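Trainee: Here is my input, please return the structure:
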Amino acid sequence: MILYVNSCVRAQSRTDKISRALLSKLGGEYEEVFLPDLNLEPLSEEMIDKRTELLESGCFDDPMFDLANQFAKADTIVISAPLWDASFPASLKLYEEHIYCVGLTSKYDETGMPVGLCNAKELYYVTTAGGPLIEDFGFGYWKMLATVCFGIKDVKLVKAEMLDVIGFDADKIVNDVIEAL
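Mentor: Have a look, this model is predicted:
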């Protein structure tokens, strides 16, 4: 199963356009998580306490873990995240808080190092930037999470940059990226 994690809020998002072209190339059906519609809240003390209690008891089927279970079971993951304010949309960070569950998507070995428990063999991080892309601010973060914490070894960056710079043809840049997929 392909999981599409979409953090794009604009109806005519260039990031979403590239992501959907990638999904078409990957083929098959996919499940979309449209983050703007979820209205995820930051984890509160009460939520963390409940989550810890459920995880420690092995109760992974609580609705609190629906997103984490979906993420853990996916074979391929596509994350659509435009570069915003030198990072990615806050909804994607909140999503990460909700899916990072020790015992479900990750665990710790005897030395304290994370061990990934996710099924996915590959994760695509699709992003666009108005200027030059600094990979550490979005992709680097998710690459570290995927490889170190979730156990997803093949992490690929799909990017379109310089889209808002005078003299650059944003439509051509986006179409060139789509063509190169």
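Trainee: From here on, just use CA atoms for contacts and neighbour counts.
Mentor: Fine.
Trainee: Next, count neighbours for Tyr100.
Mentor: Using other CA atoms under 10 Å, Tyr100 is surrounded by 20 other residues.
Trainee: ugh, wrong one, I meant Leu38
Mentor: Neighbours around Leu38, by other CA under 10 Å: 10.
Trainee: Find the centremost residue of this structure, please.
Mentor: Closest to where the C-alpha atoms of the chain average out (CA atoms, centre = their mean) is Ile79, at 3.8 Å.
Trainee: Give me the distance between that one and Asp62.
Mentor: Note on Ile79: its distance to Asp62, by CA to CA, to the nearest Å, is 24 Å.
Trainee: Gly27 too?
Mentor: From Gly27 to Asp62 the distance is 31 Å (CA to CA).
Trainee: which stretches of this protein form strands?
Mentor: 2-6, 30-34, 76-80, 106-108, 114-116, 122-128, 154-160 (DSSP state E).
Trainee: Can you add mean pLDDT and distance to Glu41 and give the ones you listed back as a markdown table?
Mentor: As requested, the strands of the chain are exported to a markdown table (pLDDT from 0 to 100; distance: least, CA to CA, whole Å):
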| stretch | mean pLDDT | distance to Glu41 |
| --- | --- | --- |
| strand 2-6 | 98 | 17 |
| strand 30-34 | 98 | 15 |
| strand 76-80 | 98 | 19 |
| strand 106-108 | 95 | 21 |
| strand 114-116 | 96 | 25 |
| strand 122-128 | 98 | 23 |
| strand 154-160 | 98 | 27 |
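Trainee: Those strands: which one's closest to Val177?
Mentor: Ranking the strands of the chain by their distance to Val177 (criterion: CA to CA) puts strand 154-160 first, at 6.5 Å.
Trainee: Thanks again, I'm all set now.
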